[in-house]
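Enquirer: A predicted structure for the sequence below; I have some questions about it.
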Amino acid sequence: MTPIDTSRVIIIGAGLAAQYAALKLAPRPVLMISPEALGEGASSAWAQGGVAAAMDPADSADAHARDTVAAGAGIVNRQVAQSVTAEAREHILDLTGLGTPFDRATDGTYVMSREAAHSFARVVRVRGDQAGAEIMRALTQQVRKADHIQVLEGVMATRIDVSEGRVAGVAVARCTGGQSESVILRGAAVLLAGGGSGGLFALTTNPPRIRGQVIGMAARAGAQIADAEFVQFHPTAMACGLDPAPLATEALRGEGAVLINRHGERFMVAAHPEAELAPRDIVARAVYAQTSASLAPALDTRAALGAKILTDFPAVADACRRAGLDPVTQPIPIAAAAHYHMGGVATDAAGQSSLAGLWACGEVASTGLHGANRLASNGLLEALVYGRRCALAIDEALPAPVQARQVTLPDLPMTDTPDPALVTQLRQAMTDGVGVIRNAESLTDTLAQIARIEAAQPDCETLLNMTAAATLIASAALKRRESRGAHFRSDFPNTKGEGSERSFLTLAEALAIRDAATIQKEPV
Ligand SMILES: Cc1cc2nc3c(=O)[nH]c(=O)nc-3n(C[C@H](O)[C@H](O)[C@H](O)COP(=O)(O)OP(=O)(O)OC[C@H]3O[C@@H](n4cnc5c(N)ncnc54)[C@H](O)[C@@H]3O)c2cc1C
């Protein structure tokens with residue numbers, strides 16, 4: 001089929017990074033690819049805590065940068081941390097101007113939550129746990145009104161189109177009621193804003209669409225991927241049999257909620273001086289250890305919040321209701337679940353990837369801000385900062401904008417979707433072998449399983465995108481023979497001294513790691 005040409009900038013995804021970038025590209029024409037109805041299906045709308053920003057005069061961007069560097073366990077790019085935290089305030093003011101009703105005190109100052117590993121209460125929030133939903137509601141309204149943005153809803157990207165050494169466009173397919181054959185769209189530039197990869201794991205807090213597909217398609221096109229091994233596991237996903245697992249925000253611990261086990265012991269007190277507010281990776285491993293020892297870890301909000309949880313944390317209260325739990329009288333059962341991918345498409349300070357014509361922002365990107373462990377609520381901040389930087393860089397790289405016609409997709413026949421049984425196997429393999437605690441054997445076995453899953457449906461691009469991302473995560477984890485931040489190896493439990501660095505891999509390099517490891521293990 002002949003490609004469809006457009007002079008619009010093509011944005012893959014429709015979460016916070018995508019929508020903010022699209023607005024900042026005005027008046028340049030944009031085509032946004034949104035698999036779900038605009039504003040739905042993105043992690044952004046599920047964010048509970050809020051956005052980290054030093055808004056209090058007693059706080060500072062420098063202190064925020066220091067906390068970011070400390071949380072990242074030695075491999076945060078300090079310049080990136082300095083510049084991102086310095087921009088935080090203006091983005092909060094901008095979001096406020098765009099209609100986000102952040103919680104304010106009677107004197108107009110922003111109400112701030114305290115989250116783990118922050119030295120100050122510096123997370124701006126909306127009605128307790130409604131930050132993501134309200135930010136996305138405000139932005140979606142603006143995007144719907146904007147003349148320069150066309151949104152293709154019910155459409156997803158399946159492959160990046162590279163022509164003469166640069167990214168020329170993207171293959172897209174309809175995804176409502178199955179998946180159609182794909183058609184190539186060629187645009188002025190391509191911006192990836194397709195989110196993270198938490199849903200590649202069986203136990204996750206991420207929406208069902210967020211399964212590393214967009215990182216995978218960038219890798220399949222040859223883009224360099226950074227820090228793939230660093231996946232953050234959230235310690236307080238609700239263990240109530242729901243997939244995805246609903247999140248009980250860290251802000252609850254900021255309000256004094258405690259972690260207990262079936263004997264009522266506060267196990268974090270012995271584990272870390274900051275107890276429940278220790279860095280997220282430490283709490284996640286402690287919760288995982290309790291689960292593995294059948295000690296039924298739980299979040300107890302009763303004394304700290306009582307019935308206030310119902311009004312102050314409506315998303316958590318609603319998830320409890322769906323799970324048949326009453327948080328006012330019962331502790332909430334919890335487990336550590338894949339939550340945030342620090343790794344992603346390697347970008348420079350302007351969001352440019354290693355491929356000409358391809359930019360990336362939001363969780364799909366790896367900018368060097370998070371290192372081995374993201375500081376709580378720096379995810380939305382990074383999406384805002386790099387969403388705008390990408391928009392400015394793309395605008396500068398292109399000739400002056402011209403009027404663009406609306407793009408219409410032809411009717412396309414339906415085609416094979418990923419076999420759900422293979423996707424289930426892939427997700428279980430990732431949780432079992434590449435989860436909170438990894439080792440050479442579990443990683444090698446998982447890489448072999450990923451290869452078998454891939455070979456079972458080799459023509460399904462959507463599955464290949466997921467297996468590419470999974471291969472990168474497991475190969476990078478196998479290559480890093482130490483424990484650092486969120487990456488914990490039981491066979492290399494120590495952190496190497498100074499001089500450890502971020503990791504950079506192409507898919508070809510990850511496959512070579514996989515082949516070397518799995519061939520060595522094959523019986524002779
Ligand atoms: C439950 C939860 C709570 C969180 N709480 C916080 C918090 O309080 N503070 C914070 O800073 N961070 C939080 N995070 C992390 C934060 O929400 C994400 O890092 C951030 O929203 C990522 O934004 P994004 O725009 O990059 O991706 P997303 O918002 O995930 O958007 C990705 C978009 O890409 C689309 N997409 C996916 N695949 C394709 C495809 N093949 N083709 C086209 N489009 C595709 C999706 O449909 C979606 O529209 C939380 C995450 C979760 C899951």
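Expert: Received, thanks.

Enquirer: look at residue 243 and say how many residues are nearby.
Expert: 12 (other Cβ atoms under 10 Å). Where C-beta positions appear, they are placed from N, C-alpha and C, glycine not excepted.

Enquirer: ok, the one 5 residues further on next?
Expert: Burial of residue 248 is recorded as 30 neighbouring residues (other Cβ under 10 Å).

Enquirer: for the nearest residue to it once chain neighbours are set aside, which three-state class applies?
Expert: Leaving aside its sequence neighbours, residue 248 sits nearest to residue 236 (Cβ to Cβ, 6 or more residues apart in numbering; 4.4 Å). Secondary structure assignment for residue 236 (DSSP: H, G, I helix; E, B strand; the rest coil): strand.

Enquirer: got the contact list for residue 236?
Expert: Applying Cβ atoms under 8 Å, 6 or more residues apart in numbering to residue 236 gives the contacts 247-250, 252-253, 259, 283, 287, 299, 332, 334.

Enquirer: where along the stretch 201-350 of the chain do the helices fall?
Expert: Taking DSSP state H, counting those that start in this stretch as the criterion, the stretch 201-350 of the chain carries its helices at 213-220, 251-254, 267-271, 280-292, 302-305, 308-312, 314-322.

Enquirer: in the stretch 51-200 of the chain, what residue comes closest to the ligand?
Expert: Proximity of the stretch 51-200 of the chain to the ligand (Cβ to the nearest ligand atom) peaks at residue 195, 2.8 Å away.

Enquirer: that residue touches residue 14, doesn't it?
Expert: No - the pair residue 195 and residue 14 fails to qualify as a contact (Cβ atoms under 8 Å) at a distance of 9.7 Å.

Enquirer: anything in contact with each of the two?
Expert: Contact criterion Cβ under 8 Å, 6+ apart; residues shared by residue 195 and residue 14: residue 42.

Enquirer: how about residue 149, phi and psi?
Expert: phi -110, psi 120 (degrees, to the nearest 10).

Enquirer: any idea how far it is from residue 170?
Expert: Using Cβ to Cβ, to the nearest Å, one obtains 17 Å as the distance from residue 149 to residue 170.

Enquirer: same deal with residue 184?
Expert: 7 Å.

Enquirer: those two - which one has more neighbours?
Expert: Comparing residue 184 with residue 170 by other Cβ under 10 Å, the one with more neighbours is residue 170, at 27 against 17.

Enquirer: who's in contact with the residue nearest the centre of the chain?
Expert: When Cα atoms, centre = their mean is applied to the chain, the residue found nearest the centroid is residue 196 (3.5 Å). Contact analysis of residue 196 by Cβ under 8 Å, 6+ apart lists 43, 206, 210, 212, 215, 340-341, 344, 363-364.

Enquirer: likewise for residue 477?
Expert: So residue 477 contacts 228-229, 434, 438, 443, 487, 489 (Cβ under 8 Å, 6+ apart).

Enquirer: excluding chain neighbours, what is closest to it?
Expert: Of all residues not flanking residue 477 in the chain, residue 229 sits nearest, at 4.0 Å (Cβ to Cβ, 6+ apart).

Enquirer: may I have the phi/psi pair for the one you found?
Expert: Dihedral angles for residue 229 - degrees, to the nearest 10 - are phi -70, psi -20.

Enquirer: ok, it touching residue 471?
Expert: No - with contacts counted by Cβ under 8 Å, residue 229 stays clear of residue 471, the gap being 11.9 Å.

Enquirer: quick one on the thing from earlier: over to the residue nearest to the centre of the chain. Which of the three states is it?
Expert: Relying on three-state DSSP, one would call residue 196 coil.

Enquirer: residues from the stretch 251-400 of the chain in reach of the ligand?
Expert: 340, 362-364, 377-380, 383 (Cβ under 6 Å from any ligand atom).

Enquirer: pLDDT at residue 251, what is it?
Expert: Each residue has a pLDDT score; the one for residue 251 is 85.

Enquirer: now it: how far from residue 280?
Expert: Here residue 251 is placed at a distance of 13 Å from residue 280 (Cβ to Cβ).

Enquirer: quick one: low-confidence ranges for this protein?
Expert: 499, 521-524 (pLDDT under 70).

Enquirer: show me the contacts for residue 440.
Expert: 478, 489, 491, 517.
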